[in-house]
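In: Sequence first, predicted model second:
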Amino acid sequence: MATRNVYMTDELEAIYDQTVEFVTKEVMPNGEQWELDGKVPREVLKKMGKLGMLGLRVPEEYGGLGLGYLASATFAEALGASTFAGFDVTVLVHTDMAGPHLVNSGSPQQLERYMPGVVAGETILSIGVSEPDAGSDVAGIRTKASKDGDGWRIYGTKTFITNGVYGDMTIVAAKTDDNKYGISMFLVPAETEGFTVAKKLDKHGWRCSDTAELTLDDVWVADDQLLGTPHRGFYETMKNFQNERMVLIGMGVGAAQAAIDITNGYCQDRKAFGGNLYELGAIRQRMAMNQAKVDAARASMYHAAWMGDNGQDNVKAMSGAKAFGCEIVNEVMYDCVQFHGGMGYMSESAVDRLSRDARILPIGGGATEVMLEEVAKRSIIGS
């Protein structure tokens, strides 16, 4: 069911409708095969590129629309209607988790070189921050880069990297200074010598997205592959975290809305106890409460997005929205599986897939506990 809110302009509504139409025609009929294949076909991403869907946050001079947080929130929620979150995250890592690093920190030469392929879906990006011993704790990464002539040598391991198997370029975070926060970001094409996919990871959910463990063993990159200012990558990563967290909420809210719509339809068709399940007050009221929860999560996300677009500090708002929204999505999925009965536990059921895919949301992009600490630190009187 299409959702509208007070923040939507005609342009954002067009983005929402175009995206829902695309996932309905291109993703929903094919997603089950992609789940088995463990990847999203490249031609689908190129179709999105031709339709202008991969450049919402890219400046107009580089082929994008130059839009802000609200556009990404709208796009992410609409993608969630696909019911295949592995597809959603494949796209959103490219457009909203890795892409903004290039947009915000790239030199004019880097943008001219790489952005046409990024917008067209021909150069698929991934973001290489997480490591076996460092996830939400970005400052704890161990991958290191040291200056070597007119370039840098990188050693380390990255894990849980979406688009890392079949993507074309990874934006890699590496320690370049003894300072705790002395991190730099590098553009590392997939074909770079010493840069290898050590393992394609098998996951509980998001099964049509490819996820890699990557090894960087004596990887040399030229100076013009350094992204942004040396030793400032930690702060650039923190800056983009609000956007990353927002699109995770957005895809979750879109998926939760789809699950509610599917479950309400199922309960109205399912005959039991002399009527249908939806006529039972306990079920009808719990589904109504689930709708209220999703509406609240959606509103908190869009408000935090609006704050960002209007130059306001949205860290507290977005962290709270991430913690609240992603936990709510999982609560909703629990009830949707429950009210499908045994069918909800079958892998052929959409709500089974939706519930599996939702479990990562309170973990990825900053665990709920980390988000609540961000809120708590900003809630102390006088702080």
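Out: Okay, I see it.
In: what about the helices in the stretch 201-350 of the chain?
Out: Assigned by DSSP state H, counting those that start in this stretch, the stretch 201-350 of the chain shows helices spanning 233-269, 281-309, 315-339, 350-358.
In: what's the closest of these to Tyr114?
Out: Put simply, out of those the one that sits nearest Tyr114 is helix 233-269, at 16.5 Å, with distance taken as Cβ to Cβ. (C-beta placed from N, C-alpha, C; glycine too.)
In: Let me know the average pLDDT across the closest one.
Out: Mean per-residue pLDDT for helix 233-269: 93.
In: can you check stretch 180-187 too?
Out: Stretch 180-187 carries an average pLDDT of 92.
In: what's near enough to touch Phe186?
Out: Applying Cβ atoms under 8 Å, 6 or more residues apart in numbering, we find Phe186 in contact with Ala145, Trp152, Ile154, Ile171, Val172, Ala174, Val221, Gln225, Leu226, Leu227.
In: where's the helix or strand bottoming out on mean pLDDT in the chain relative to the chain centroid, distance-wise?
Out: Taking mean pLDDT, DSSP states H and E as the measure, the helix or strand of the chain with the lowest value is strand 271-272, at a mean of 80. Averaging C-alpha coordinates over strand 271-272 and over its chain gives two centres that are 39 Å apart (Cα atoms, centre = their mean, to the nearest Å).
In: Next: stretch 42-49.
Out: Here stretch 42-49 is found 17 Å from its chain centre; the criterion is Cα atoms, centre = their mean.
In: Output stretch 370-383 as PDB, nothing but the C-alphas.
Out: As requested, C-alpha coordinates have been extracted for stretch 370-383 and formatted as PDB (Å, rounded to 0.1, in the frame of the first residue of the first chain):
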ATOM      1  CA  VAL A 370      25.100   1.700  20.100                       C
ATOM      2  CA  MET A 371      22.200   3.800  18.900                       C
ATOM      3  CA  LEU A 372      20.700   4.100  22.300                       C
ATOM      4  CA  GLU A 373      24.100   5.200  23.700                       C
ATOM      5  CA  GLU A 374      24.100   8.000  21.000                       C
ATOM      6  CA  VAL A 375      20.700   9.100  22.200                       C
ATOM      7  CA  ALA A 376      21.600   8.800  25.900                       C
ATOM      8  CA  LYS A 377      24.800  10.900  25.500                       C
ATOM      9  CA  ARG A 378      22.700  13.700  23.900                       C
ATOM     10  CA  SER A 379      19.900  13.500  26.400                       C
ATOM     11  CA  ILE A 380      21.900  14.600  29.500                       C
ATOM     12  CA  ILE A 381      20.700  17.900  30.800                       C
ATOM     13  CA  GLY A 382      23.200  20.600  30.100                       C
ATOM     14  CA  SER A 383      25.000  18.600  27.500                       C
END
